[in-house]
Every structure is written in C-alpha cells, then in structure tokens.
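Asker: here are the coordinates; sequence isn't available:
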C-alpha cells in the first residue's frame, strides 16, 4: 500500500540522529512488545508479512508520529483483536472475560534458543524457471495495490538491470492476506540514481532493491536512448 | 519537496467524511488565522508560493496530524519569525519587545473589498514561444527538488498529452524561494489512469495536471508500444 | 470531520499547563500572534474583520450557482464561459482572489469532471467560497486521483459505468469549476429556480444538481 | 533520538487521566496486552524472557565483527562468504531469525555499500542484533536512497568523490551486511584485535572500521 511506511525519497524528516551507546530498548514496555510480537507470530495465527501489513495500515499521520515499538504494539493489538484472540475490552482492562481460541503452536521458553538460532527460512521451491537472467533490463511495474506490497513507490515505472537471481521465496503480497505463500523468483535489480531521482541525484549513486518476478516487466529490445 | 503535502495516490487515510452544513470555520481562532495569513501575505514580505512552501515544510508526521488552519498557523508563525518581523519570544508571549520592521504594504480595512474582488493575477508575459502544442505527447520529468515544486510525484516520469496551453505564469519553484517570478508557459497535461496507476486503475479514468514547461520533456517520435 | 477538529482543538503542541481560562491553547497562540502583528503595524484590525466577513458570509457557492444557471439558459454565455471563464464570470460581477484564472469544465453524458488539489487546497473562491474541510483533508486529496469512483460512491454518487471520469488536479493558479448537466424536468424553471438546484458539490464534481422533485 | 522517545513515552493515544502509578500509559497498555495473552495461554512467560534476553544481550554486532575479521584474514572464508553468506556464517555458529538469507556486500576503493530498509526495519539480526532507532526512523529510511552522501556526512563519513555509493534497499527476506575494507596498518593484528576495529555502523555502511590508532 502507498502508506506512511513507504518512505524512500521523501523529504522533510530532518537529519539522521545517531544516539551514542544506544540501548537495545528505551523503556521496559518496548522489550515486552518485542517479545510479545515474536511469541504471537510463532502461534501461526498470522505471519511476518501480515504483521508488516498491520503496521503499515496505521493511518500515515499516526504511523509517522508513533515510535517504532508503539507501531508494533498498535499493530499487534489490532491483530489479536481482529483474529478474535482477545476482545477490545480485554485488551483495555487486562482482564480475561472470554475463552481462549486454539492456536497452532505456542512458543515455549526452553525452545526459544534452538528455534530462533535456526531461523524461519522463506525460500520455497517453484516449478517454473526464472524469467529473467542477470544482465537483463527490466521495468518495475506501476502497481499501486491497496494491500501489502514490497515494491517501493520510488522504483515503480523505472528501468533497471537484473544483477542476481536469488531463488524463489514466499510472495509477501499474497502471504500478508493469508492468501497463500505463492512463491516467486526473487531478483536483485539495480537502478541508476539518475534514473530514479533525475538531475538531483548524487554522482555515482545506484540503488538496488529485491524484486519479485511479478513486479517486473521485460524491457525489449533496448529502450530508445 | 517530497513532503507530507504530496498526497496524490496515497492509501490509508480512510473514507472521505463530508460534514452536513459545514461552517466556514470551526473555531474562532481559525478565522483569525485565515485573516492574518491574507493580511500578512499582502505585506509583500513573502508570496503565496512561499507560504505554501512553509506549510509543506512541516515534518510530514506533523503535517498529517495537524488540522488545516493549524498548518496555516504554524507556517505563518514560522515565516513571521524567519523574516524577523517578530521574535519567538514575542509570538509566545503576545507582548512586543522589539521594533517593527518596515514592510512594503499594509492592507487597510477599507481596501479589502476592492483589492480582493480584483484579485492578484499570476500570469506574466514571456518572450519565448510555447515549446509544446495541444496534442503533443510529453513526459513529466523525474525531478525531486528538496524545495517547493508543483509537479506531484504521481505523474513524474509519466507520459501524457498536452491538452491546453494557458499562457505564461509565475514559476512557483523559484518564486517560493523569493528567487524571482521567472514566468514559464503553463500547460494542461492529461494522463490516462492506467498509465498512472497500472492495472488497478478504474475504467475510463484520466487525470490532468497543470504543468510548467520546465516540468516537461518531449516524447519523440512515438514510444514503442 | 470530528477527527480533524479534535486535532485542531487539541493540537500536537498542546500545553498541559494552560491557564484556567476557557481558551484553548490554539486560541491563545493565535491571539498572541495577532496581538504582535497588529501592534507592530503589519496588520490593520479592520482589514482582518473585513477579510473574515467577506469570506465567511459574502463569497460562497451561491455565486457559482448563478454562473451555472446562466450557462444553462444562455447559450452565448455558456460559450463565453467555456472559452474564457474568468471574463464570463466578470460579466456577472464574480471574480477576485483565488479565482484570477478560472477554467470551467462541463460534464457530458460521456465524461464527468471532478476537481481536487492533491498538493494543498486550491479551490475557486469567488464561485464557491472557502473549501470545506473534506476537500482539504488527506482522504480526499489522496484518493480522488487514484480511485475517483470509490470517492464518488462515498458522496452517494454512482455514475454509469460507461461515463468516463476526468479528474482535474489543481497544481497551478488555474481554478476549476464543474458545469454540471442541467437536470431533466427543469424546462419550466427560471434562472433563480435553476440556481437553487446547483449545489456546491455539483460544482466540485462530488455531487450532481438537485432535481426539481428532490428540491421541493 | 530524543524526539522519538518523547513520542514513545507520550504517545498520541495518551490518556490524561492515568492513575497515580508511576507507569506510563504505554506501560499500562502493554501490561494489559501481556496479561491477556499469557492468561489465555498464547504466550509462555518463559519464552518472553528468553526472547528478550537473547536479543538484548546475546545477539549483537560482535557476531558480525567476527565474520568480518575472519574474512579479512582468511581468503577461503571470504570467498565462501561472498558466494553463500548464510552458509559461511553458519561455519562460525552465527545465524537464525532475521538472517535466514544473508548477503554480504564488500566495499572496494571504487564502491561503498550502504544498507537501508525504506519500507520497515529489515536488518541482519544474527550479525548485528536489533537495529538502532535511527535505522528504523523516517530520516534515514527516506534519505538513504536519495541522498546517501548527505546521510553519510551526518555520520562523519566523507568518501572520495570518485568512490561510487551503492545503496541496498532490503525489500525482501534477504539481509545485507557490509564487508568493510581492512584498514591500513593492521598487518600485525590477530583476528580478535581486528574484530575490535569493526563497528556496527561499518557493517551497515554508515561508518568505517576504526584504525588501530583510533582504537588504542
């Protein structure tokens, strides 16, 4: 979605402000939100793409004025409620008044080290060969889905060069809706800064994104100048 | 600038909410801000484009969570202070502690009706002929200025058709910086919804913008497919 | 637009320690600004009053409705309006700030017009007055250019599927007014009665004129 | 990032009537959520503790620094790392959540690499830990792709004008780590001493490794 999260190329946010010796968390509640989001993700009620979609579905003004873990908290609470795992009253009061729903899995303390050190790979086999090869020129499609996508606005419509084919991965646009993993080939596509940003681009600047196959159209033969 | 103001095509703001019998102003202070902005604009210390630039220079999160006249107020206070017409202390306290600066003009009550009924045209002659003619295909340039511009992001890089040549007008991108009116030819350019938004575009949908000549490149001859 | 007004009255910069006065923090801040600008001689209080009175009470959609009604009854005026809207409106004594360069776009059975300003709030003041909050707000500004039919549906307007929609994004100093189609069944009405059918939204493109029945 | 924390502790949805407790409204809301999720059996409190402990104390840039130092001293490891970073890191016992599909990009005199996630906060957890606030915040996410040299300047990094900048926007499940160039004057250092030169920012691309002098 063209929401508050799609920040590439925007102006007006001011300087980057690195913090010396930054702590991992800035308030006790941030730790709890982090842990709760991880643990609830493990239940299998939703997936990582759905969580990203829930975060970016905050109204843009709210997204941009909420701290990082506040965004996580709001999205998590919304997901919990939307899936019927708890009611708004329960979340407001902290008191349980409805029965729990069954969930697929519960993350146990003793399993955390092993499971998280192993990770949760998202590569999946597909039956079809990759459509594009390194060196090919491709155009990012002008998609504007109201739902989740991982093709940022600043590359849409732009021509770049395929640099790598990474295998096939879960497709976030469908997975976020719990509409299936529908894996696709994933590419690295390199764009010249000048093509993205025009004359204002800094010299010698290029940007790569990882783009799923359905985000790309072939450019053929060679574009006219 | 690619700021909070450039809203065309964004998602996530929710439904449009028309208000029955909406009053012109929703609080007494809104009227005062409106009047103050008009009156201060008339002093000639800045111009309309500079005021727009001041509004859109608010950090995007603040822009999107401020009401319309709150944005006007914040921008006006910032302009007043930036031009040395009053100090931050004066604006906070409401008490004058520094001398007034001279301004070019002051809008008198008795002149309001005549001046505002007359208006403040922004067409200006230029010596050169218009570069484009109705029916020509043009591509909106991929500009990304950090300063004020009136070419919205959603048409940049897109091909459209010139529908009208409107004469020559003050160029906002320079005028906003008080760097001169530098008038240019102004066009109406029509874009097909599909070209702007891809497959998601509604049927039979087209969008026009008014584009200054330097926003446009010729497309020649006819693009492939 | 309750949401917006919450923000307005209860702004980000609100001050938890405001005095016992009934005034909101924004009222106080605006009063301070006004005091300083007036005391320094930049602003004439009489000009403020005149500006507010003009745009709160005098300039409004009744002006645009007169223009539309005249165009419906007078083909020569309509031709002039379509060719040079600013001059044609001047004939009716309508013009000024925010409408120095008017363009009128006429609805047809084939094409419906819709006006927006995605970048700020450009709006044809002399014919419509100051814009409503929804026109200036992110939902309308973001969506009118990408999903105009969905936006129209929220205004209760459903167009025939084969009527195209043309959106005019007001990105320069041209100001657009929509000339709606004259409703059926209005043959007997005079200009004043016709003007009464012309709503503000019909001249933005988010509405259609009233029909004589619905107006009764 | 004081600005962000203001927002965090004093969030939009803050409640003016919170109880006399020392807890912030966000603390209270998060506690309520946690209570409900634990009581309903969805969350094991021991898992929460283990997750927080793991990512607060165990996983961090010291892991990435080991990878970099090894690559500096061991050409075969470096070749493996560039060809299959995930597998090469596993050799050092490094991997897991947020780093299932690692890619290492090596700086050269001709090209400097910079990693960003414009859409959210993708970051190579197993080698760098959780990302700093600036990495997740709008200024960095918006600007890294359009004006990387200006961003680097704010980190005190000025690259030669003829060194290109390559920005990697982490838009899928691949996670990037920058392999910085080995600083001059480090010929005599062992792997542990080299690792001590490798800062977190050097592996994001917003910094360069320390030199032995600056490290002393």
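Answerer: Arrived safely. Being a predicted model, the structure only gives us computed values, none of them experimental.

Asker: who does the one helix or strand residue C:103 maps to touch, helix- and strand-wise?
Answerer: If you go by DSSP states H and E, residue C:103 is part of strand C:102-106. With contacts taken as 3 or more C-beta pairs under 8 Å, 6 or more residues apart in numbering or on different chains; DSSP states H and E, strand C:102-106 sits against helix C:75-83, helix C:85-91, strand C:111-116, strand C:164-169, strand C:175-179. Quick note: C-beta positions are derived from backbone N, CA and C, even for glycine.

Asker: winner for burial among those?
Answerer: Each of the helices and strands packed on strand C:102-106 was assessed for mean neighbour count using mean count of other C-beta atoms under 10 Å in any protein chain shown. The highest is strand C:175-179, with a mean of 25.

Asker: Can you report how many residues neighbour residue A:97?
Answerer: 10 (other C-beta atoms under 10 Å in any protein chain shown).

Asker: hmm, back to that, tabulate the helices and strands packed on strand C:102-106 (JSON lines), appending mean pLDDT and distance to residue A:78.
Answerer: Below are the helices and strands packed on strand C:102-106 laid out as JSON lines (pLDDT from 0 to 100; distance: least, C-beta to C-beta, whole Å):
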{"stretch": "helix C:75-83", "mean pLDDT": "98", "distance to residue A:78": "50"}
{"stretch": "helix C:85-91", "mean pLDDT": "98", "distance to residue A:78": "48"}
{"stretch": "strand C:111-116", "mean pLDDT": "98", "distance to residue A:78": "30"}
{"stretch": "strand C:164-169", "mean pLDDT": "98", "distance to residue A:78": "32"}
{"stretch": "strand C:175-179", "mean pLDDT": "98", "distance to residue A:78": "39"}
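
Asker: contacting residues for residue C:72?
Answerer: C:78, C:182, C:186, C:194 (C-beta atoms under 8 Å, 6 or more residues apart in numbering or on different chains).

Asker: For those residues, name the two members farthest from one another.
Answerer: C:78 and C:186 (15.2 Å; C-beta to C-beta).

Asker: The helix or strand that residue A:41 is a member of close to chain D?
Answerer: Using DSSP H and E, residue A:41 sits within helix A:28-42. Yes. For helix A:28-42 and chain D, the contact criterion (C-beta under 8 Å from any C-beta of the partner chain) is met by A:28, A:29, A:30, A:31, A:32, A:33, A:34, A:35, A:36, A:38, A:39, A:40.

Asker: now stretch A:86-98
Answerer: Yes. Using C-beta under 8 Å from any C-beta, stretch A:86-98 reaches chain D at A:86, A:90, A:91, A:92, A:93, A:94, A:95, A:96.

Asker: Can you say which of these are buried?
Answerer: A:86, A:90, A:91, A:94, A:96 (16 or more other C-beta atoms under 10 Å in any protein chain shown).

Asker: Make CSV out of the residues you listed and add pLDDT and secondary structure.
Answerer: Shown next, in CSV, are those (pLDDT from 0 to 100; DSSP: H, G, I helix; E, B strand; the rest coil):
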residue, pLDDT, secondary structure
A:86, 98, coil
A:90, 98, helix
A:91, 98, helix
A:94, 97, coil
A:96, 98, coil
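
Asker: which stretches of chain A form helices?
Answerer: Using DSSP state H, the helices of chain A run over residues A:28-42, A:48-56, A:60-65, A:68-82, A:88-93, A:112-118, A:172-175, A:193-197.

Asker: The shortest one: how far from the chain's middle?
Answerer: It stands for helix A:172-175. 10 Å (C-alpha atoms, centre = their mean, to the nearest Å).

Asker: Tell me which residues touch whatever residue of chain A ends up closest to chain C, please.
Answerer: Chain A approaches chain C most closely through residue A:144 (6.5 Å), counting by C-beta to the nearest C-beta. With contacts defined as C-beta under 8 Å, 6+ apart, the neighbours of residue A:144 are A:2, A:156, B:9, B:197, B:198, B:200, C:146.

Asker: what do you get for residue C:183?
Answerer: Contacts of residue C:183 by C-beta under 8 Å, 6+ apart are C:197, C:208, C:209, C:210, C:211, C:212.

Asker: How is the chain divided into domains?
Answerer: You didn't say which chain, so I picked chain A. A:28-118, A:137-218 (automatic domain parsing).

Asker: that's the wrong chain, I wanted chain C
Answerer: C:20-57, C:60-215.

Asker: for those domains, which one ends up most surrounded?
Answerer: Greatest burial across the domains of chain C, using mean count of other C-beta under 10 Å, falls to domain C:60-215, with a mean of 20.

Asker: Residue for residue, what is the longest helix chain C has?
Answerer: helix C:25-39.

Asker: surely residue A:18 meets residue D:134?
Answerer: Yes. With contact defined as C-beta atoms under 8 Å, residue A:18 reaches residue D:134; the gap is 5.1 Å.

Asker: Retrieve the pLDDT associated with residue C:212.
Answerer: pLDDT for residue C:212: 87.

Asker: do residue C:1 as well
Answerer: 33.

Asker: What's the separation between the closest residue to residue A:47 other than its chain neighbours and chain D?
Answerer: Closest residue to residue A:47 apart from its sequence neighbours, by C-beta to C-beta, 6 or more residues apart in numbering or on different chains: residue A:175 at 5.8 Å. According to C-beta to the nearest C-beta, to the nearest Å, residue A:175 stands 11 Å off from chain D.

Asker: Burial check on residue A:175, number of neighbours?
Answerer: 23.

Asker: just residue A:139 next, same as before
Answerer: 18.

Asker: Spatially, and excluding backbone neighbours, which residue is closest to residue A:173.
Answerer: In space, residue A:173 is closest to residue A:149, 5.1 Å off (C-beta to C-beta, 6+ apart).
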